[in-house]
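Colleague: Next comes the sequence, and after it the predicted model I'd like to discuss.
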Amino acid sequence: MHESMRWSEINHEHSTAPTIKNHSVTHFNGYLFCFGGYDGRRNHMTLLIYHIAEERWIRPQQALSDGNLEFRIDESSMNNNPQSNNSTIVVQGSPPPGRNGHSATLAVDDEENAKIVIIGGWLGTGPLAASDMHVLDVSAGGRQLRWYQPPIKGTPPGPCNMHSADYVAHRREVYVFRGGNGREYLNDLHALHVDTLTWRLVETNGEAPQPRANHSSAMLEHELCLFGGWNGTERLNDIHILDTRTSTWTRPRVGGVLPHPRAGMTLTALRGRLLLFGGSGTSAKCFNDLQILDRQEMVWLDVSQSDSSENRGGTAAVARRDFDRDDAPAFRFGGSDYSMTWHRNGRSSTDSSSAQNDGLSLEQQQQQQDGFSIRHGTDWRSRDMAGQIRDATASVRSMHVSPNPNDEDSVPTVVVHGEGPGRRAGHTATVVHRKVYVFGGSCGSDYLNDFFVLDTDPRPQLDVSEPNSLQLFDRRLWHFFNEQEFSDVTFLVQGQRVYGHKMVLSIVSDCFRAMFTTGFREENENEIVIRDCSHSAFLAMMEYIYTGSIPKSLGYPTQQQQNADIRQLDRIIEMLELADRFFLDHLKQVCENMLQSAVAPDTVEYLLQVSQKTNATQLQLICEHFIRNRGDTMRLER
């Protein structure tokens with residue numbers, strides 16, 4: 001069992017999106033609200049809005065006299081958004097000072113009552129992190145924005161930087177795992193009630209996480225899940241879970257392959273899973289791996305990247321060949337003209353030479369594959385199905401399969417398609433429905449502003465994987481070689497019968513086509529006597545017609561065989577004569593190519609006569625060239 005996910009990059013103007021890390025991105029009502037971050041020189045205080053449907057950033061266009069910021073959206077853009085009633089979004093109030101390493105948490109009742117709570121961060125001055133809290137009111141669906149710094153009650157957490165903050169909906173509180181304050185690493189837990197703006201220290205039970213910063217956390221239903229971070233000495237890869245109903249910490253045993261220890265990664269909760277991406281490891285090495293924790297099974301899933309050379313269209317294209325053109329390639333069953341190779345009996349159909357090496361007939365080769373024994377004369381569909389079973393069996397054998405059928409793994413494997421973000425830390429990963437938006441971050445001194453989206457439930461890719469008619473013809477035709485089933489013509493050669501099919505023979509050979517269609521007496525005869533050739537040669541020619549493979553009986557005389565086996569030479573010449581007789585031009589050229597190595601002083605005259613008799617123009621040119629240069633060759637040998 002496996003699932004699929006797909007990365008894709010969002011194109012946007014690089015001049016609009018800043019190159020930042022340690023910023024915050026929060027989603028509400030079709031918009032992403034990006035605030036703060038560090039670009040290598042300064043902290044940002046600009047609020048950017050990303051319109052998800054239109055895939056565009058919106059930047060402030062005007063600073064009003066009272067210090068408010070006004071965001072203007074082109075009317076052409078807003079008119080495409082059914083949720084928009086006007087073309088202007090106004091941000092009132094004074095934004096927080098520029099910062100990075102802060103948290104931004106959405107607390108929402110409904111579309112008309114929502115706020116983003118900004119807590120802490122690093123301001124770039126002083127020994128300690130910031131201890132302030134600001135609120136961005138995003139009520140009215142995010143069209144009326146207002147910054148304000150509310151009065152608070154209770155005891156706030158104090159300075160915090162590289163902490164984590166999560167909204168616990170059933171308690172109407174933002175939980176803050178403090179992290180660092182600029183001097184030390186902490187693990188105290190605080191909660192802010194979003195209605196009364198009252199802070200409290202959360203008293204917990206169980207084994208609390210050790211102090212750390214630059215960790216990541218996410219809410220799965222009523223559980224606050226915390227992973228990794230930096231404790232001042234080493235990077236971590238542990239996971240802790242807080243049951244917010246009982247305020248109890250647990251450190252569960254987790255199966256699978258643990259992610260490398262890291263800090264600065266993102267952890268997002270989606271459909272019962274925790275999705276971990278990126279971060280920095282030892283020696284400031286950045287990661288770009290996607291890790292997925294299944295909460296129900298409490299196991300890190302097997303996540304694999306699909307081959308980048310995959311056929312993204314999901315189809316196997318077969319080029320249409322124009323057989324009526326004079327310069328079209330010869331029509332070869334099982335040839336290499338297809339862009340997709342179908343396998344037959346565990347062999348590629350393009351491998352015409354492999355059958356020459358084992359000395360077995362096609363039927364014998366078929367029977368020895370994987371222990372499948374198919375009786376000659378068995379229905380061709382059964383034989384074809386057996387071939388498919390063999391292919392499927394080979395595929396299964398290539399996988400890691402447990403020998404115990406009761407050991408079957410119920411945890412799915414996740415296959416990730418597409419090219420995802422590069423190595424980074426300090427980025428953001430924001431859940432929008434079934435998708436995760438990854439923005440910015442840095443790796444070493446490289447600050448980033450690229451934008452990717454991970455679709456965790458992509459639309460299924462339709463696949464055209466079944467063979468088309470030509471491929472089925474190529475795949476199944478060989479079953480009918482010398483097969484009586486469906487045969488409508490029988491050849492008598494030296495008293496032995498060879499079965500054929502008029503349509504197949506007419507497609508390959510214009511000679512057979514004329515024989516069966518233009519008034520010859522063979523047109524109405526079901527049994528045709530073939531004279532002046534041996535049964536073995538005619539059977540080999542028929543095998544070539546039905547399989548596209550070069551007859552094994554021909555062999556190849558080599559240049560070292562100066563005294564070639566006369567019987568082998570005779571077999572090739574007889575096949576050349578049959579190829580000429582039945583207009584099999586490709587087979588004729590193959591025979592010419594075989595015979596060129598047999599051209600020698602004692603054979604050239606004979607082979608020249610053969611070439612002229614069989615209209616083998618290429619062999620004739622070879623012989624004539626040999627004769628012209630025979631004197632030079634003899635002088636060189638002396």
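Modeller: Cool, got the structure.
Colleague: List the buried residues for the helix or strand hosting Ser536?
Modeller: Using DSSP states H and E, the element containing Ser536 is helix 535-547. Residues of helix 535-547 classed as buried by neighbour count (16 or more other Cβ atoms under 10 Å): 535, 537-547. From N, CA and C alone the C-beta is placed, and that goes for glycine too.
Colleague: what distance separates it from the middle of the whole chain?
Modeller: Distance of helix 535-547 from the chain centroid (Cα atoms, centre = their mean, to the nearest Å) equals 43 Å.
Colleague: Equivalent analysis for stretch 216-223, please.
Modeller: With Cα atoms, centre = their mean, you get 30 Å for stretch 216-223.
Colleague: quick revisit: now do the helix holding Ser536: which elements does it pack against?
Modeller: Applying 3 or more Cβ pairs under 8 Å, 6 or more residues apart in numbering; DSSP states H and E, one finds that helix 535-547 contacts strand 489-493, strand 496-500, helix 502-508, helix 566-581.
Colleague: JSON lines for the ones you listed, including distance to Tyr185?
Modeller: Below are the helices and strands packed on helix 535-547 laid out as JSON lines (distance: least, Cβ to Cβ, whole Å):
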{"stretch": "strand 489-493", "distance to Tyr185": "89"}
{"stretch": "strand 496-500", "distance to Tyr185": "85"}
{"stretch": "helix 502-508", "distance to Tyr185": "79"}
{"stretch": "helix 566-581", "distance to Tyr185": "84"}
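Colleague: Mind putting those into CSV with mean pLDDT, distance to Ala129 and mean neighbour count?
Modeller: Converted to CSV, the helices and strands packed on helix 535-547 look like this (pLDDT from 0 to 100; distance: least, Cβ to Cβ, whole Å; neighbours: other Cβ atoms under 10 Å):
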stretch, mean pLDDT, distance to Ala129, mean neighbour count
strand 489-493, 95, 91, 17
strand 496-500, 96, 88, 16
helix 502-508, 94, 81, 18
helix 566-581, 92, 87, 19
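Colleague: Trp147 is nearest to which of the ones you listed?
Modeller: Comparing these by their distance to Trp147 (Cβ to Cβ), the top pick is helix 502-508, with 78.4 Å.
Colleague: from memory Arg235 sits against Pro259, does it?
Modeller: No. Using Cβ atoms under 8 Å, Arg235 is not in contact with Pro259, being 10.7 Å away.
Colleague: Now do the shared contacts for these two.
Modeller: Gly228 (Cβ atoms under 8 Å, 6 or more residues apart in numbering).
Colleague: circling back to that earlier point, of all the helices and strands packed on helix 535-547, which one is nearest Arg476?
Modeller: Closest among these, using Cβ to Cβ: helix 502-508, at 11.3 Å.
Colleague: CA-only coordinates of that closest one in PDB, if you can.
Modeller: Output of helix 502-508 as PDB, limited to C-alpha atoms (Å, rounded to 0.1, in the frame of the first residue of the first chain):
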ATOM      1  CA  LYS A 502      -2.900 -14.900 -45.100                       C
ATOM      2  CA  MET A 503      -3.500 -11.500 -43.500                       C
ATOM      3  CA  VAL A 504      -0.200 -11.600 -41.500                       C
ATOM      4  CA  LEU A 505       1.800 -12.800 -44.500                       C
ATOM      5  CA  SER A 506       0.200 -10.100 -46.800                       C
ATOM      6  CA  ILE A 507       1.100  -7.300 -44.400                       C
ATOM      7  CA  VAL A 508       4.700  -8.300 -44.300                       C
END
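Colleague: continuing past that helix, what's the next helix or strand?
Modeller: helix 510-517.
Colleague: what's in contact with that next one?
Modeller: Everything outside helix 510-517 that qualifies as a contact, by Cβ under 8 Å, 6+ apart, is 489, 502, 505-507, 520, 522-523, 528, 581-583.
Colleague: Export it to CSV, keeping only CA atoms.
Modeller: What follows is helix 510-517, C-alpha atoms only, in CSV (Å, rounded to 0.1, in the frame of the first residue of the first chain):
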residue,chain,number,x,y,z
ASP,A,510,4.0,-7.9,-51.1
CYS,A,511,4.7,-11.2,-52.8
PHE,A,512,2.3,-13.1,-50.5
ARG,A,513,-0.2,-10.3,-50.9
ALA,A,514,-0.1,-10.6,-54.6
MET,A,515,-0.3,-14.4,-54.4
PHE,A,516,-3.5,-14.2,-52.3
THR,A,517,-5.3,-11.2,-54.0
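Colleague: Give me the mean pLDDT for that helix.
Modeller: Per-residue pLDDT over helix 510-517 has a mean of 91.
Colleague: What are the buried residues along that helix?
Modeller: For helix 510-517, by 16+ other Cβ under 10 Å, it's 512-513, 515-516.
Colleague: Now render those residues as JSON lines, adding distance to Lys285.
Modeller: As requested, those are exported to JSON lines (distance: Cβ to Cβ, whole Å):
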{"residue": "Phe512", "distance to Lys285": "69"}
{"residue": "Arg513", "distance to Lys285": "69"}
{"residue": "Met515", "distance to Lys285": "74"}
{"residue": "Phe516", "distance to Lys285": "73"}
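Colleague: Show me which helix or strand of the chain is least confident by mean pLDDT.
Modeller: strand 343-344 (a mean of 30; mean pLDDT, DSSP states H and E).
Colleague: show me where pLDDT drops low in the stretch 351-500 of the chain?
Modeller: For the stretch 351-500 of the chain, applying pLDDT under 70 flags the ranges 351-410.
Colleague: what angle do the helix holding Ser536 and strand 496-500 make?
Modeller: For helix 535-547 against strand 496-500, the angle by axes from the mean of the first three to the mean of the last three Cα atoms, to 10 degrees is 10 degrees.
Colleague: Can you name the residues in contact with helix 535-547?
Modeller: 333-334, 362, 477-478, 480-482, 491, 493-496, 498, 500, 504-505, 508-509, 530, 549-554, 571, 574-575, 578-579, 582, 584, 587.
Colleague: what angle separates it from helix 566-581?
Modeller: Going by the same axes, to 10 degrees, helix 535-547 makes 50 degrees with helix 566-581.
Colleague: Now helix 535-547: average pLDDT?
Modeller: 95.
Colleague: Stretch 166-179 too?
Modeller: Mean predicted lDDT for stretch 166-179 stands at 96.
Colleague: Quick check: next helix or strand after the helix or strand encompassing Leu595?
Modeller: Using DSSP H and E, the element containing Leu595 is helix 585-595. Scanning forward in sequence from helix 585-595 by DSSP H and E, the next helix or strand is helix 604-613.
Colleague: elements contacting that following helix?
Modeller: Applying 3+ Cβ pairs under 8 Å, 6+ apart, we find helix 604-613 packed against helix 566-581, helix 585-595, helix 617-628.
Colleague: let's see it at 6 Å
Modeller: helix 617-628 (3 or more Cβ pairs under 6 Å, 6 or more residues apart in numbering; DSSP states H and E).
Colleague: What are the contacting residues of the helix it packs on?
Modeller: Helix 617-628 is contacted from outside by 592, 595-596, 599, 604, 607-608, 611, using Cβ atoms under 6 Å, 6 or more residues apart in numbering.
Colleague: what comes up buried for it?
Modeller: For helix 617-628, by 16+ other Cβ under 10 Å, it's 619-620, 622-623, 626.
Colleague: that older thread, what angle separates the helix holding Ser536 from helix 510-517?
Modeller: 90 degrees.
Colleague: Lovely, talk soon.
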